[in-house]
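J.: sequence first, then the predicted structure:
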Protein chains: 2
Amino acid sequence: MRVRSLRIVISSARKFINMGALSRLWNLVKNFHAADISTLMSHLISRERLTLFNILFEKDKEKTGEALSELEPEDAAAILKELQLEQITELIQIIPPDDAAPILNLLPEELKNSILSAMEDKPSEDVKGLLHYEEETAGRIMSTNFYALDQDTNVSDAITAMQLEGDVESAFYLYVVDDQTHLVGVVSLRQVLFTRPNTPLKDIMTKDVISVHPETDQEQVARYVADYNLVAIPVVDAEKTLVGVVTVDDVIDVIEEEATEDIYKMVSLDTTDRIQNSPFKSIKKRIPFLMFSLFTASVAPWVVHYFEGTIKEFVTLAVFLPLVMGLGGIAGNQTIAIIVREIAIGQTEWVGARKALLKEMLVGIGNGIIIGIILAGFSYLLIKNPFLGLILGLAIIINLFVAALVGTLIPLILKLLRLDPALGSVNLLTMCTDTTGSLTFLGLGTLFLTKLT
Amino acid sequence: MRVRSLRIVISSARKFINMGALSRLWNLVKNFHAADISTLMSHLISRERLTLFNILFEKDKEKTGEALSELEPEDAAAILKELQLEQITELIQIIPPDDAAPILNLLPEELKNSILSAMEDKPSEDVKGLLHYEEETAGRIMSTNFYALDQDTNVSDAITAMQLEGDVESAFYLYVVDDQTHLVGVVSLRQVLFTRPNTPLKDIMTKDVISVHPETDQEQVARYVADYNLVAIPVVDAEKTLVGVVTVDDVIDVIEEEATEDIYKMVSLDTTDRIQNSPFKSIKKRIPFLMFSLFTASVAPWVVHYFEGTIKEFVTLAVFLPLVMGLGGIAGNQTIAIIVREIAIGQTEWVGARKALLKEMLVGIGNGIIIGIILAGFSYLLIKNPFLGLILGLAIIINLFVAALVGTLIPLILKLLRLDPALGSVNLLTMCTDTTGSLTFLGLGTLFLTKLT
């Protein structure tokens, strides 16, 4: 939010709402950008939010629609549920189809169908068209408003045609199609401005257009836009007919969403778990993952259990065990973080997997040797037992090597299985490093037990 | 890369380079997009990369410059170091100043100054101007090429003026200034197309322009562009004079960079640690962080050491200890991931910090009770000792509560200290949960020792 203090805005809005001072509330927000109104809304509780929403809806329907588009679909759907069918229909028609579709999808099936039939034909068809595609694909996030003209149109006629079409939100390109409406080129509006009026579009268009299909994964769409520095990317069907355009603002949302998903999936979190959710809702979202964690964290104790006799003989092993496990986990997490991000940014394809594995294994051994020697030295100074130092150092070297190996393989294997490369990776990694750590450290301890005690 | 198999392209390029078949190499890449050439380069070793670069430079200087812009500054600088001063100067002048500045900054001071004096005045001044600003600010990533015209200019004259100015890469807006060159408005090129020729710009411009200062942190710039769905954001100095424009393609780079930094800093990684670095370089980057980890991971062992006597009496405690520690770490990582991302996406300002803390604490207790009871039940079935179940359950409840508390506080406190909220957070968290876990579990074990044995 640009306003200097969001805190002040929120507390003023709260005060006005609770006082019932609706005209003061309206004065506070009327010059806000729609994005700021939605930020304010996300900081209010649902009753307050509804009051603000009602006054907005009464005063400025256009801005209400814009603010609704900016909200998380879950929050927008929660507000719409409180309204009359006619109000919902009116609002849904104001907001762009690609923002309307995910909101509608969160409403009860019956209400959704009533809204779709109450809507005018064109927007209703547009929304239905988008709902037809799977979630997280280009089809779901594309806009169906764009300028497309025949390649033989000249620049002057193109300008007239676009003027008749009216303003298209965030249109920076004019798409050029042949007589079968296949996409054949693209012209920037800047080029249109700079070209003599009688030039046909086909003479100035860029022919090598980067496009995607409606089924293309949104992450792939984002990669193209990011790699080729685009502001919009056209979506074409199997016949090369232009069906929509994904604009850069939606791509930014995808990139932020995917980055959040990477972090969340690494630590086994539901991707919809947000600070705004009620504690009860978050507990419900986190429990299944914690059960999974309970499972992955239960493997190492079985190994330790096996060595109970050794520990009883030389309890110092139990003291150093968390250190061996912990360092393995940390080093492995580093490798996972690197591989997950490289996959996300598209650097590591299978062509680089072998190289990545080899490199991380070398790093694991190298770091293991350095940290192992340091730790062996320290422990010798503390405990004065060279054999403890020796097995501690060896266990660290082996565990850091395993951490690097497993940390590289987990995301790559998950990707090969067509799962998210980050999915539960930290849990799986910790399971492996904790197990290897206890197996090597306690195993070596058993082997050298006579030297230790 | 759009080409179906990057693997084939890389192996062909390699083959041609090693055969010295330079014309076949050129035929392979000549129709590639500059971004694809830079992807190919990043998969070659430095000797091969230089061969490809030389043939590109000989055949198509423009595309060479574009490919250079797309490379990581470190890789681009490494290539430039191998060239003659005249070649470097020529290339540096082709690429946009905001891409040239970070590359120049990585060259030896002497070479950098020679290049800056060998360059023509205008580009040299532009680059020097950017270098003047601190890293990671708007000033560093802004472009100094943009259209800016007086507010009294009419649309027809504006078009002529822009045509004379020539093509400005990725310009979608025309900025409007008053007679003191202060930014007063913005007009989209689409509006220019749609307006009658004799209309003055001031009649169609949007007056409430969202702008930033050259000193504004690049993350803040990215937030504005993302929140307000912009394609470019103007940069103005203290006198409101327009000095540059940050375009959305640079913003996407910033968002991806910051997301990588979030993940990297959470697990204590150097933000420049990449899979392409040599193992030696990565070891050098990771060792200081592993030393820090060695320190954070060494706290819990002291606690365990204190309870050696208890463990000797009842070794089963050592078996379950990794489980108590592990689950605390996992739950805490989840909280950290949520808070770090919420801060990154700008949801959690201090206004929400208290609410976030309270919520996570409730989630911690709730999850602790559920997981604690399950674990107590399981352990009772395995060990048939109700007291072990009791202390295990209690330790889990306390540790999950502490995990939530500390997981929320660490990023918030780091932010308050003006450090990165993610910085080493997972290490600090694990230090706290491992310590609390062993203290509560082994402490309770000592208390109930007579009931356990």
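T.: Cool, got the structure.
J.: CA atoms for contacts and neighbours, from now on please.
T.: OK.
J.: for my notes, confirm residue A:230 occurs in a helix.
T.: No. Read with DSSP: H, G, I helix; E, B strand; the rest coil, residue A:230 is coil and lies in no helix.
J.: residues touching stretch A:385-404, excluding its own?
T.: Stretch A:385-404 is contacted from outside by A:320, A:324-325, A:327-329, A:331-332, A:335, A:357, A:360-365, A:367-369, A:371-373, A:375-380, A:429, A:432-433, A:436-437, A:440-441, A:444-445, A:448, A:451-452, using Cα atoms under 8 Å, 6 or more residues apart in numbering or on different chains.
J.: low-confidence stretches in the stretch 101-250 of chain A?
T.: Applying pLDDT under 70 to the stretch 101-250 of chain A picks out residues A:169-170.
J.: the contacts of stretch A:385-404 in strands, which ones?
T.: Applying DSSP state E to those, no entry is found in strands.
J.: need the buried ones from those residues selected in PyMOL.
T.: In PyMOL, this line selects whichever of the contacts of stretch A:385-404 come out buried by 16 or more other Cα atoms under 10 Å in any protein chain shown:
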select buried, chain A and resi 320+324+325+327+328+329+331+332+335+357+360+361+362+363+364+365+367+368+369+371+372+373+375+376+377+379+380+429+432+433+436+437+440+441+444+445+452
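J.: which ones among the contacts of stretch A:385-404 also lie next to chain B?
T.: The subset of the contacts of stretch A:385-404 within reach of chain B, by Cα under 8 Å from any Cα of the partner chain, is A:320, A:327, A:331, A:360, A:362, A:363, A:367, A:371.
J.: out of those, which is nearest to residue B:218?
T.: Of all those, residue A:331 has the smallest distance to residue B:218: 30.0 Å, by Cα to Cα.
J.: OK, contacts around the closest one?
T.: A:364, A:400, A:403, A:404, B:290.
J.: ok, 7 Å please
T.: Neighbouring residues of residue A:331 by Cα atoms under 7 Å, 6 or more residues apart in numbering or on different chains: A:400, A:403.
J.: ok, and what's touching stretch A:138-146?
T.: Stretch A:138-146 has contacts (Cα under 7 Å, 6+ apart) with A:97-98, A:130-131, A:133-134, A:168, A:171, A:213-218, A:221, A:243-246, A:250.
J.: got a quick PyMOL command for the buried subset of those?
T.: Of those, the buried ones go into a single PyMOL selection, burial set by 16+ other Cα under 10 Å:
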select buried, chain A and resi 97+98+130+131+171+213+214+215+216+217+218+221+243+244+245+246+250
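J.: mind checking which of the contacts of stretch A:138-146 land in strands?
T.: Counting by DSSP E, those contribute A:243, A:244, A:245, A:246 to strands.
J.: pick out the most distant pair among these.
T.: A:243 and A:246, at 10.4 Å, using Cα to Cα across the ones in strands among the contacts of stretch A:138-146.
J.: and for residue A:19, the neighbour number?
T.: For residue A:19, the neighbour count with other Cα atoms under 10 Å in any protein chain shown is 11.
J.: distance of it from chain B?
T.: Using Cα to the nearest Cα, to the nearest Å, residue A:19 is found at 21 Å from chain B.
J.: do residue A:239 as well
T.: 19 Å.
J.: show me what the mean pLDDT comes to for stretch A:288-305.
T.: Across stretch A:288-305, pLDDT averages out at 91.
J.: and if you look at stretch A:323-341?
T.: On average, stretch A:323-341 scores 92.
J.: so which of the ones in strands among the contacts of stretch A:138-146 is the closest to chain B?
T.: Checking the ones in strands among the contacts of stretch A:138-146 against chain B by Cα to the nearest Cα gives residue A:246 as the nearest, at 13.1 Å.
J.: where does the closest residue to the closest one other than its chain neighbours fall, phi/psi-wise?
T.: Spatial nearest neighbour of residue A:246, excluding adjacent residues (Cα to Cα, 6 or more residues apart in numbering or on different chains): residue A:142 at 4.4 Å. Main-chain dihedrals, residue A:142, degrees, to the nearest 10: phi -80, psi 150.
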